[in-house]
Every structure is written in structure tokens, then in C-alpha cells.
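>>> Just to be clear, the model below is a prediction. Sequence and coordinates:
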Amino acid sequence: AQTVTQSQPEMSVQEAETVTLSCTYDTSENNYYLFWYKQPPSRQMILVIRQEAYKQQNATENRFSVNFQKAAKSFSLKISDSQLGDTAMYFCAFMKHLGNEKLTFGTGTRLTIIP
Amino acid sequence: DAGITQSPRHKVTETGTPVTLRCHQTENHRYMYWYRQDPGHGLRLIHYSYGVKDTDKGEVSDGYSVSRSKTEDFLLTLESATSSQTSVYFCAISDRGGQNYGYTFGSGTRLTVV
């Protein structure tokens, strides 16, 4: 079974600064997907970024980027130029490449952007 | 972008009563999921479906049942609600193999069992 660990329950950062959220996972699979989801106070789950394990290049989406270290089983999210709208819960999640596509989630990091 | 809708959005029910939550999709995706979200636990899988009348258990399935009689609808039933089932419930669909690989979530149902 896969496990996903987010060791930072809460973080805060000043607006416009850069913040990195940590995620580690444990799996015996070689091919899989990793995701970061954002959950603002509205409760909606929003996909921030995805990474395919077979791709060595780190995924980037505007101000969001990941540092994917496959050997270390680490998948951190960097938010640059943080904005007030980035305040949310962030969940890291794992999915095997083939199969029933179940997502395994971490426990989340609550990020607060301070004006 | 409705693609997936959940109903109701909020519900309060009494211990021991049956409760059914509904998930409806318009994307014709094969895979549908029910998760519950609790503080300190993230989201945990209750049940999922890989086709009409094809369902399987997740990691926290005790006390829950599901049905999928049509591609677009996936129902979650709490057979006899307990206070431990107070939670936020999310339905999700999976765009398997599509360009937007990953889940699309419904807006969630906050269920309170009193």
C-alpha cells in the first residue's frame, strides 16, 4: 500500500514571499503520478499541479513548481510570489499508473498568506 | 463548470437514520469515487466504481454502501448513521488517459449526525 506524508500541518508566509510545502511518499511502484491539490475556504478541491514519475523534468504551472526527487520519494511544492488567494489547505496525493486510479492523500498543510 | 454535482450540500440527520448522498456527472467518465475528509486524516477513500454496477471498497467502507445503476450517477448510503460519520463527503470522477489526467471533485457535502 502507498502512504503519503505531509509533515507540516500549518505554515504561514508574508505576501510576495516564496514558500515550499513538503511531501514524501512510500511506494514500491516504478510508474505513478503525483498531485498537489488546493482547498480554499470554499471547500472546493482544485488541482494545482501534476507530475508523472517517468518524467525527470519538474512540472511548473505559473507561480507553482515542484521539486520531484524520485529516489528520495519526495515531492515538494514551491509557491513563488505568494498571494492572499493562495491561503488554503494543500494536499499531496499519489496515484499508481495502472489500475483503478485510486488517489492516496496526505493529511494536508494549512497555508496562510499574511498581508 | 458543473461536470460533477453533489447533493445535498449540507445535511443534518439523527443517529440511526439512513442517509443517501448523490453524485451526478455529465462527463461520461468510467471511474467515480467517494471520499470523506476529516481533520488530521486528509481524504480517505470510502468506495469507488469502475463501471455501471461495478463497485469496490476503499479503506474506510464500514457502515457505507454504494450503487451505480447509470454511468452518470453514483450514490453513497449510510445505512444507519452514527456520530463518527459526521464528515465532509466528496465525490470525484477520473479522466483516465485524458489530457487533464487526475480527478475532478464535486463541491462536497457536509454531513452532521446528531
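Perfect, I can see it now. Numbering: from 1, shown residues only, chains lettered A, B, ... in the order given.

>>> contacts and neighbour counts: CA atoms only from here.
OK.

>>> burial of the closest residue to chain A within chain B, as a residue count?
The nearest approach of chain B to chain A comes at B:G42, 4.0 Å away (Cα to the nearest Cα). By the criterion of other Cα atoms under 10 Å in any protein chain shown, B:G42 has 21 neighbours.

>>> What helix or strand is the residue nearest to it when sequence neighbours are not counted located in?
The shortest distance from B:G42 to any non-neighbouring residue, by Cα to Cα, 6 or more residues apart in numbering or on different chains, is to A:T107 (4.0 Å). Assigned by DSSP states H and E, A:T107 belongs to no helix or strand.

>>> Now do the same contact list for A:T107.
A:4-6, A:9, A:91, B:39-43 (Cα atoms under 8 Å, 6 or more residues apart in numbering or on different chains).

>>> quick one: pLDDT of the residue positioned nearest the centre of chain A?
Centroid-nearest residue in chain A: A:W36, 3.2 Å away (criterion: Cα atoms, centre = their mean). Predicted confidence (pLDDT) for A:W36: 97.

>>> That one contacts A:F91, correct?
Yes: in terms of Cα atoms under 8 Å, A:W36 counts as a neighbour of A:F91; the distance is 5.6 Å.

>>> Just after the helix or strand bottoming out on mean pLDDT in chain B, pick out the following helix or strand.
Between all helices and strands in chain B, the lowest mean by mean pLDDT, DSSP states H and E belongs to strand B:103-105, at a mean of 90. Of the helices and strands lying after strand B:103-105 in sequence (DSSP H and E), the nearest is strand B:109-113.

>>> Just give the strands next to that following strand in its sheet, each with its orientation.
Strand pairing for strand B:109-113, determined by DSSP bridges: strand B:10-13 (parallel), strand B:87-94 (antiparallel).

>>> So what's the gap between it and the chain middle?
12 Å (Cα atoms, centre = their mean, to the nearest Å).

>>> List the contacts of that strand.
Under Cα under 8 Å, 6+ apart, the answer for strand B:109-113 is B:6-15, B:21, B:81-90.

>>> model confidence over it, on average?
97.

>>> ok so, going back, hmm, which of the contacts of strand B:109-113 are the buried ones?
B:6-7, B:9, B:13, B:21, B:81-82, B:85-90 (16 or more other Cα atoms under 10 Å in any protein chain shown).

>>> State the pair within these that is farthest apart.
B:Q6 and B:T82 (21.1 Å; Cα to Cα).

>>> The spatially closest residue to B:S7 that is not a sequence neighbour sits in which helix or strand?
Closest residue to B:S7 apart from its sequence neighbours, by Cα to Cα, 6+ apart: B:R22 at 5.3 Å. According to DSSP H and E, B:R22 maps onto strand B:19-25.

>>> For residue 68, list the residues it contacts.
Chain wasn't specified; assuming chain A. Counted by Cα under 8 Å, 6+ apart, A:F68 has contacts A:51, A:56, A:58, A:74-76.

>>> nope, chain B please
So B:R68 contacts B:49, B:51-55, B:74-75 (Cα under 8 Å, 6+ apart).

>>> and A:Q57, how many neighbours does it have?
12.

>>> Assumed it was part of a strand.
No: under DSSP: H, G, I helix; E, B strand; the rest coil, A:Q57 sits outside any strand and is assigned coil.
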